[in-house]
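In: sequence and predicted structure, then a few things I'm wondering about:
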Amino acid sequence: MKNEKIINGLSYISILFAPILFPLIVWFFCRDNQNISYHAKSALLLHILPGILLFVALLSGGTLGILSNSEYIAAVVCVVLLATSIVADIALTIYGLVKGIKLIVE
């Protein structure tokens, strides 16, 4: 039981040392354990989501820059999208770290 808590917590905290890779390996090797599998999938999603948000922000800003006639409006929207994405990424990272620490300490 204690090993499960440590593995579950490390799945979330691994965003600092092996993002995406550690939860993927844990999920692959511990598919038979429901609890570990659930936390590994959640951590994997939490590690992938910031990249997806950043990609969508860059794609939206680039598309707006190509389609817009005003460079100023395109630049402002790009900065706002990137700032929002960065804030969301930091919030998701902090959330993952807190969740991982809670799982280890419990």
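Out: Sure thing, it's come through.
In: could you measure from the residue nearest to residue 50 when sequence neighbours are not counted over to residue 22?
Out: Among residues not flanking residue 50 along the chain, residue 89 sits closest, at 3.9 Å (C-beta to C-beta, 6 or more residues apart in numbering). (Each C-beta comes from the backbone N, C-alpha and C, glycine too.) As judged by C-beta to C-beta, to the nearest Å, residue 89 and residue 22 stand 18 Å apart.
In: could you check the pLDDT of the residue nearest to the spatial centre of the chain?
Out: The centroid of the chain falls nearest to residue 47 when counting by C-alpha atoms, centre = their mean (3.0 Å). Note for residue 47: predicted pLDDT of 91.
In: so it touches residue 93, yeah?
Out: No: in this structure residue 47 lies outside contact range of residue 93 using C-beta atoms under 8 Å: 9.0 Å.
In: quick check: neighbours shared by the two?
Out: Counting by C-beta atoms under 8 Å, 6 or more residues apart in numbering, the common neighbours of residue 47 and residue 93 are residue 15.
In: residues making contact with stretch 74-85?
Out: Stretch 74-85 is contacted by residues 50, 53-54, 56-58, 60-61, 64-65, 68 when judged by C-beta under 8 Å, 6+ apart.
In: picking up where we left off before, what strand or helix carries the residue nearest to the centre of the chain?
Out: Here residue 47, judged by DSSP states H and E, is contained in helix 34-67.
In: which parts of that helix are buried?
Out: Neighbour counts over helix 34-67 (16 or more other C-beta atoms under 10 Å) mark 36-37, 39-44, 46-47, 50, 53-54, 57, 61, 64 as buried.
In: check which helix or strand covers residue 27.
Out: Element membership of residue 27, judged by DSSP H and E, is helix 21-29.
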